[in-house]
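# Just need the structure, nothing else, for what follows:
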Amino acid sequence: MPIPEEKEEESAPAAPFKPASAPAAPPTQPIITSNKPSKNAINAVKFASAAALCAIIAAVLIFFGVRYYTVPNTNEKMNPGNVALTVDETDVSIGMYNYYYNAVSNNYISYAQQGGVDLDPTKDFSKQKTKDADGNEVTWAQMFENETIERIQYITAYYQEAVENGITLSETQKESIKSNIQSIKQSAKDSNQSVDAYISETYGEYCGLATIKKIVNQSFLANNYYNKYQVNNEVDEKEVEAYFNKHKDEYSVVEFAYLPYIVSSTDEKAKTKAEKEVKEYVSKIKNVKDLKKQIPFACKEIIDNYVSAGQFESADDCAEELAKSVEVSISSSDTSFTEAGVKWLFDDKTKVNDCSYFYDETNSMFFILLKLSEAKIADDEVYSVRHILIMPDTGEADENGKTKKATKAQWAAAEKKANKIYEEYKKGDKTEYSFALLAEKYSEDTESTSSGSSGLYGGLYEGTQLGRMVKSFEKWSTDKKRKYGDTGIVKSEYGYHIMYFVEDTTSTKFKCKSAVKTENELKYIKSFEVKKHKGAMKKTTVAKPQAAETDDLTTAE
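Purely as a prediction, here's the structure:
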């Protein structure tokens, strides 16, 4: 994944010119014998205009060459024949389009082979239908194209804004790009292919080294600006209130307890036998205490799996731990349980402490549900903060992966480092974004930064439920005197946390605010208009059905 080489920009093609041999323009006042031009006179003007146009086109084609207007390339030269799309002011090559198209289509096809979506990879994609995110019926061929364009629009929008706002690549990103490009070059060498030929075969037709360099460069810059945009993407409280009033029903929740009962076989007899046992458990449950008593029996298979995997020493220990997590809440739009089960929980006819069961076809299990409350708007407390964790340096872990207990000197060194970073923050512009940048640079809690796998950025923990973090961290975060932008240092068993307060609110308000942010972002992305270039788009990749495998593992024609 490469850093684009510095090249001089090619001069734009000259404007089409009128050659000297072109016919002269007709007289401004043609000599005619009547006020109405004759048919022959009109045709004469048409033919003269057409001849002039043909001469101009011929001259332009001679000057630039036919290939300039018609032939794609792998070098990212943005001649008309190589521009598939234009997103706002940015041209997108056929190679780049094909790269993203193959990523989208292959992902769906792979998912379909695992049974994730209703798509037959061996049949014509233009004759199979599905529904898009808006609920519109489309063919899978159209779905592939639509999602490719949406992905390109999304990345290009942020990339273009990154360039306009002077966003640059980090040193880590530069090294990552160089490393990945080197890896691609080595793979091409191992395959006895030129780099461009290998890339075209692997990633898409007309996709070359220059294309890959541009893609990764744009992606990193887009991601960098995206992070800044997300930090600064604040919403008005009136927007949040209006959204809640419009979607109020979606944010009502029901508290309930549940037990999962695994059906050991898809055989109908096994299901019937399991259902009989489930009915017996349900008949014994009148409250949550009764439900927890059934855990060792209804969840026996799950418990046995945990114990055999070594996650618990005994079945009793496992049952005790499961009992702590059976009480939960759910919204009417939640899909983690069967639709029938959710509908039953929210039905006014279903009373508190009513118990029933529902079969989950997808996971081959029964869910025993016990309703614990009437539907209500969720008002549980959640908070959002950013932090920079500085841990005492205790040296390398031993052969068992354990680290030594930190000494007083090591704790003192960690505190000194935390204070130094805190001072660096206070000497800057003291914004949330500047704090996030410092978290990316210094924090040892990688899961809350882009160096981890959580997808979080800038030391952020948002919508955090009570009891999830260490006490000192949570106590500081939920202090009712806190205001947006408050900072401080907190000590925990892990180290020193440099804190930045964002908000302390209810889960409902947090979810509404997140939804409004998402809506605003989509409007922002949609403002970057996409123009398809029909001629070049005809040369882009279109997914073809895969050959079905026969019983003898030969490839079908």
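# show me where the stretch 1-150 of the chain has strands.
83-87, 90-93, 129-131, 137-139 (DSSP state E, counting those that start in this stretch).
# buried ones in the third one?
It refers to strand 129-131. Of all the residues in strand 129-131, those buried under the rule 16 or more other Cβ atoms under 10 Å are Thr130. To be clear about C-beta, it is placed using only N, CA and C from the backbone, and glycine gets the same treatment.
# and that strand, what other elements does it pack with?
Where contact means 3 or more Cβ pairs under 8 Å, 6 or more residues apart in numbering; DSSP states H and E, strand 129-131 is packed against strand 137-139, helix 140-164.
# If I take the last one and strand 83-87, what angle do their directions form?
With axes from the mean of the first three to the mean of the last three Cα atoms, to 10 degrees applied, the angle from helix 140-164 to strand 83-87 works out at 60 degrees.
# next structured bit after helix 140-164?
Once helix 140-164 ends, the next helix or strand along the chain (criterion: DSSP states H and E) is helix 171-190.
# Can you give me the neighbour number for the closest residue to Lys405 other than its chain neighbours?
Nearest residue to Lys405, sequence neighbours excluded (Cβ to Cβ, 6 or more residues apart in numbering): Thr394, at 7.2 Å. For Thr394, the count of nearby residues is 14 (other Cβ atoms under 10 Å).
# Thr394 against Trp411, yeah?
No. Checked against Cβ atoms under 8 Å, the pair Thr394 and Trp411 is beyond contact range at 9.9 Å.
# And the contacts of stretch 423-430?
Contact partners of stretch 423-430, identified using Cβ atoms under 8 Å, 6 or more residues apart in numbering, comprise 434-435, 438, 485, 487, 498.
# go again using 6 Å as the cut-off
The list of residues contacting stretch 423-430 from outside it, by Cβ atoms under 6 Å, 6 or more residues apart in numbering, reads 434-435, 438.
# which helices and strands sit right next to the strand or helix carrying Glu241?
Using DSSP H and E, Glu241 sits in helix 237-246. Judged by 3 or more Cβ pairs under 6 Å, 6 or more residues apart in numbering; DSSP states H and E, helix 237-246 is in contact with helix 507-526.
# buried set for the helix it packs on?
507-513, 515-517, 521, 525.
# so what secondary structure elements neighbour that helix?
Applying 3+ Cβ pairs under 6 Å, 6+ apart, one finds that helix 507-526 contacts helix 237-246.
# Please save the CA atoms from the helix it packs on in PDB.
Taking C-alpha atoms only, helix 237-246 is exported to PDB below (Å, rounded to 0.1, in the frame of the first residue of the first chain):
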ATOM      1  CA  GLU A 237     -30.500  19.400  20.900                       C
ATOM      2  CA  LYS A 238     -33.700  20.400  19.000                       C
ATOM      3  CA  GLU A 239     -32.700  17.900  16.300                       C
ATOM      4  CA  VAL A 240     -32.400  15.200  18.900                       C
ATOM      5  CA  GLU A 241     -35.700  16.000  20.500                       C
ATOM      6  CA  ALA A 242     -37.500  16.100  17.100                       C
ATOM      7  CA  TYR A 243     -35.900  12.700  16.200                       C
ATOM      8  CA  PHE A 244     -37.100  11.200  19.500                       C
ATOM      9  CA  ASN A 245     -40.600  12.400  19.100                       C
ATOM     10  CA  LYS A 246     -40.800  10.900  15.600                       C
END
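# and that helix with helix 507-526, angle?
110 degrees.
# can you give me the offset of helix 237-246 from its chain's centre?
Helix 237-246 has its C-alpha centroid displaced from the chain centroid by 25 Å (Cα atoms, centre = their mean, to the nearest Å).
# need the next SSE after it, C-terminal direction.
strand 252-262.
# give the contact list for Gln218.
Per Cβ under 6 Å, 6+ apart, neighbours of Gln218: Tyr159.
# Now do it, the pLDDT please.
We have a pLDDT of 96 for Gln218.
# Which of the helices or strands spans it?
helix 209-232.
# So which bits of that helix are buried?
Within helix 209-232, the residues scored as buried using 16+ other Cβ under 10 Å are 209-229, 231.
# what's the answer for stretch 422-430, then?
422, 425.
# now do stretch 161-173
Within stretch 161-173, the residues that count as buried by 16+ other Cβ under 10 Å are 161-163, 167, 169, 173.
# Now tell me which helix or strand of the chain has the poorest mean pLDDT.
Ranking every helix and strand in the chain by mean pLDDT, DSSP states H and E puts helix 39-64 at the bottom, with a mean of 49.
# Show me what the nearest residue to Asp118 once chain neighbours are set aside is bridged to.
Closest residue to Asp118 apart from its sequence neighbours, by Cβ to Cβ, 6+ apart: Thr130 at 6.8 Å. Beta bridges link Thr130 to Val138 when assigned by DSSP bridges.
# export the buried residues of stretch 161-173 to JSON lines and tack on pLDDT and distance to Ala375?
Output for the buried residues of stretch 161-173, formatted as JSON lines (pLDDT from 0 to 100; distance: Cβ to Cβ, whole Å):
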{"residue": "Glu161", "pLDDT": "96", "distance to Ala375": "42"}
{"residue": "Ala162", "pLDDT": "97", "distance to Ala375": "45"}
{"residue": "Val163", "pLDDT": "96", "distance to Ala375": "49"}
{"residue": "Ile167", "pLDDT": "95", "distance to Ala375": "46"}
{"residue": "Leu169", "pLDDT": "94", "distance to Ala375": "50"}
{"residue": "Gln173", "pLDDT": "92", "distance to Ala375": "48"}
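# just the residues you listed now: which is nearest Ser325?
Comparing the buried residues of stretch 161-173 against Ser325 with Cβ to Cβ places Gln173 closest, at 39.9 Å.
# what's the spacing between that closest one and Ile525?
Taking Cβ to Cβ, to the nearest Å as the measure, Gln173 and Ile525 are separated by 22 Å.
# any chance of the strands of the stretch 1-150 of the chain in TSV, plus mean pLDDT?
Formatted as TSV, those follow (pLDDT from 0 to 100):
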stretch	mean pLDDT
strand 83-87	97
strand 90-93	97
strand 129-131	94
strand 137-139	96
